[in-house]
Structures are given as structure tokens and as C-alpha cells.
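**Student:** 3D, please:
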Amino acid sequence: MLRQVIHRGLRSFCHQLGLFVSRHPVFFLTVPAVLTIIFGFSVVNRFQPEMDLELLVAPSHSLAKIERSLANSLFPLDRSKSHLYSDLHTPGRYGRVILLAKPGGNILHQAEGLLQIHRTVLEMKVGGYFSKTWTAA
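**Tutor:** Reported below is the predicted structural model:
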């Protein structure tokens with residue numbers, strides 16, 4: 001009995017709602033689209049790209065951030081205003097070695113040369129300090 005009453009009530013409500021929507025189609029087509037556009041643009045405008053990789057990766061209380069700020073205060077870098085979005089590091093204090101294998105070759109055959117470069121960097125001496133104390137090797 002209760003189920004039939006609820007069923008009849010819901011059926012008549014949905015029928016009346018369908019008639020109302022069919023009589024006012026412009027409202028039910030434009031208002032949701034306009035609201036979606038407005039709320040979509042308001043959310044998109046709040047996003048800002050984060051350029052500092054250290055902020056994304058390192059914890060807020062990490063020793064790396066303290067050391068980086070100390071290094072920046074002692075050895076400031078000339079940073080240009082034309083900053084590329086692809087720069088995911090602080091420029092100026094890093095060296096990179098790019099190894100390319102010959103076509104059909106094996107990259108591991110060049111491992112000895114890479115290890116020799118690594119040993120050379122670790123044995124460097126600057127101002128009486130060995131490189132092991134001031135590099136992130």
C-alpha cells in the first residue's frame with residue numbers, strides 16, 4: 001500500500017517536472033551551460049604553475065632547502081627574466097653528461113668512461129676541500 005502511494009506520487013511528480021522542462025527548454029539548456037562556463041573559468045584562473053622544483057619535491061623543513069638558501073646567499077646567480085618553463089632546476093651549479101649509444105650499440109659499453117668522469121670530479125680539490133665534501137655525488 002505504502003509502496004503504491006510512493007510510486008504514484010513519484011510518477012506524478014516526474015510527469016509534472018517533465019512537462020515543466022518541456023515548456024521551458026531554453027532555460028534548462030542555457031543556464032547549466034552558462035554556469036559550467038563561469039565556474040570552469042573561475043577554477044582554471046586560480047591555478048598557477050609552480051616553477052620551483054625544490055618546493056615540489058623536498059619537504060618544507062629539509063636540510064636541502066637550508067643549504068640551497070645559504071648557497072644562494074653566498075654565491076648569487078644572474079637570473080634572467082626570460083625564464084623557461086622547462087627549467088626545473090636552479091641554473092649555474094650543475095654539470096651534465098649525456099651518453100648516446102651508437103645505432104645498434106650498447107650504452108653500457110660507455111660506463112667505464114662515465115665512472116672515470118665521476119672519479120675525476122670526486123678527486124677535485126678546491127680551496128683545500130675535496131669534492132666529496134661539497135658535491136652531491
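**Student:** contacts and neighbour counts: CA atoms only from here.
**Tutor:** OK.
**Student:** What are the structural domain limits within the chain?
**Tutor:** 1-46, 59-121 (the TED database).
**Student:** Quick check: end-to-end length of the shortest one?
**Tutor:** Across its full length, domain 1-46 reaches 53 Å between end residues, using CA to CA, to the nearest Å.
**Student:** any idea how far that domain is from the chain center?
**Tutor:** Centroid separation between domain 1-46 and its chain, computed with CA atoms, centre = their mean, to the nearest Å, is 38 Å.
**Student:** for it, what is the average pLDDT?
**Tutor:** If you average the pLDDT over domain 1-46, you get 91.
**Student:** And for stretch 97-108?
**Tutor:** Mean per-residue pLDDT for stretch 97-108: 79.
**Student:** quick one: it to chain centroid distance?
**Tutor:** The chain centre lies 30 Å from the centre of stretch 97-108; the measure is CA atoms, centre = their mean.
**Student:** for stretch 60-67, same thing?
**Tutor:** Averaging C-alpha positions (CA atoms, centre = their mean) puts stretch 60-67 20 Å from its chain's average.
**Student:** what does stretch 46-62 give?
**Tutor:** Offset of stretch 46-62 from its chain centre (CA atoms, centre = their mean): 8 Å.
**Student:** Make JSON lines out of the domains of the chain and add distance to G128.
**Tutor:** Shown next, in JSON lines, are these (distance: least, CA to CA, whole Å):
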{"stretch": "domain 1-46", "distance to G128": "50"}
{"stretch": "domain 59-121", "distance to G128": "15"}
